[in-house]
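Colleague: requesting a structural model of the entry that follows:
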Amino acid sequence: MANGVLSFPLTSFRADGALDPDGYRAYVAGRLAAAPGALFPACGTGEFFSLDEDEYRRTVAIAVEEAAGRVPVVAGVGYGWAQAARFARLAEDAGADALLVLPHYLVTAPQDGLVAQLEHLADRTRLPLVAYQRDQVAYTPDALRRITGIPNVIGLKDGHSDLDRLQRLTLAAPEGFLFFNGAATAEIQARAYAGVGVPAYSSAVHAFAPEIADAFFAAFRAGDTGAVDRLLRGFYVPFVQLRDRVPGYAVSLVKAAARLRGLPVGPVRAPLTDPSPADLADLKALLATGLDLVGAAL
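Modeller: Numbers count the residues shown, from 1 in each chain. Predicted coordinates:
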């Protein structure tokens, strides 16, 4: 999975909010054409929190069908372990290769509880699990050692961007345990994460502009500091500044950018809201700038 951008596809909805399976299939096919390192359907960018069980099953199944074994398909699961296990069974039946365990719902929990959450879920699925620490989930090195002892827990995605803590975690893990940079707009911190031994990252930009995401990935892998800096200054930093204007823009701005490119993703579901006309205009101009930087067309 470190050999390409990790792609987190959006989930397609119709104007009335219903799932759009045909639009989603076409959209996922487009993401796969850009050769990502893996596909992560029904995760945060895919609005996992707004999907019912049937929509989730159909979404994961379509991703598996379109991937056809070319790349791993890692489906999101979440809430408490009991509900996560229900989604895990649906993902297994749909043919997913692994699961990304999203932060549990609402409560802050002690380390023993965080470990137990994964133990309970691992006992109820045969699929490999990647734990996701962000928001109220943050593992200590001792807890990480314990979860690496759970047979089907294979990795950790980090969204805290606490590099001191992350370095301690990487040093506590056994050889072969996977780590991923899951920071919002991860490209901004890609070099910092790589400095503590975590070069693989997810890319929200790949959801709407794989040309930009792939150009950054290539420059990053090649150590082309000039190209990385140009993309960061010209596109990524302004994109983060725009994203930070309104809560929820980490998803709704990405979906709006995909619509600007004619991709069949539709609107976001409540409680998210689509960008304002002014923010949409700024997004369109920024997207044009980013595509100009890599020689692609809007």
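Colleague: going by C-alpha atoms from here, please, whenever you check contacts or count neighbours.
Modeller: Fine.
Colleague: residue boundaries of the strands in the chain?
Modeller: 6-7, 38-39, 74-77, 98-101, 129-133, 153-158, 178-181, 202-203 (DSSP state E).
Colleague: list the residues that contact the closest residue to Phe8 other than its chain neighbours.
Modeller: In space, and not counting its chain neighbours, Phe8 is closest to Phe40: 4.8 Å by C-alpha to C-alpha, 6 or more residues apart in numbering. For Phe40, the contacting residues are Leu6, Ser7, Phe8, Pro9, Val73, Val74, Ala75, Gly76, Leu100, by C-alpha atoms under 8 Å, 6 or more residues apart in numbering.
Colleague: kindly reformat the strands of the chain as a markdown table containing mean pLDDT, distance to Glu211 and mean neighbour count.
Modeller: Output for the strands of the chain, formatted as a markdown table (pLDDT from 0 to 100; distance: least, C-alpha to C-alpha, whole Å; neighbours: other C-alpha atoms under 10 Å):
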| stretch | mean pLDDT | distance to Glu211 | mean neighbour count |
| --- | --- | --- | --- |
| strand 6-7 | 94 | 13 | 27 |
| strand 38-39 | 96 | 16 | 24 |
| strand 74-77 | 98 | 22 | 30 |
| strand 98-101 | 98 | 25 | 25 |
| strand 129-133 | 98 | 27 | 24 |
| strand 153-158 | 97 | 24 | 22 |
| strand 178-181 | 96 | 20 | 24 |
| strand 202-203 | 94 | 12 | 28 |
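Colleague: now those strands in a markdown table, with distance to Ala61?
Modeller: Output for the strands of the chain, formatted as a markdown table (distance: least, C-alpha to C-alpha, whole Å):
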| stretch | distance to Ala61 |
| --- | --- |
| strand 6-7 | 16 |
| strand 38-39 | 12 |
| strand 74-77 | 10 |
| strand 98-101 | 13 |
| strand 129-133 | 18 |
| strand 153-158 | 22 |
| strand 178-181 | 24 |
| strand 202-203 | 21 |
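Colleague: identify whichever of those lies nearest to Tyr249.
Modeller: strand 202-203 (14.8 Å; C-alpha to C-alpha).
Colleague: quick one: contacts of that closest one?
Modeller: Val5, Leu6, Ser7, Phe8, Phe180, Asn181, Gly182, Ala183, Thr185, Ala186, Glu187, Ala213.
Colleague: which pair in these spans the largest distance?
Modeller: Largest pairwise distance in the contacts of strand 202-203, by C-alpha to C-alpha, is 16.2 Å, between Phe180 and Ala213.
Colleague: the helix ranked longest in the chain - contacts with which helices or strands?
Modeller: If you go by DSSP state H, the chain has its longest helix at helix 277-294. Applying 3 or more C-alpha pairs under 8 Å, 6 or more residues apart in numbering; DSSP states H and E, one finds that helix 277-294 contacts helix 210-222, helix 237-243, helix 249-260.
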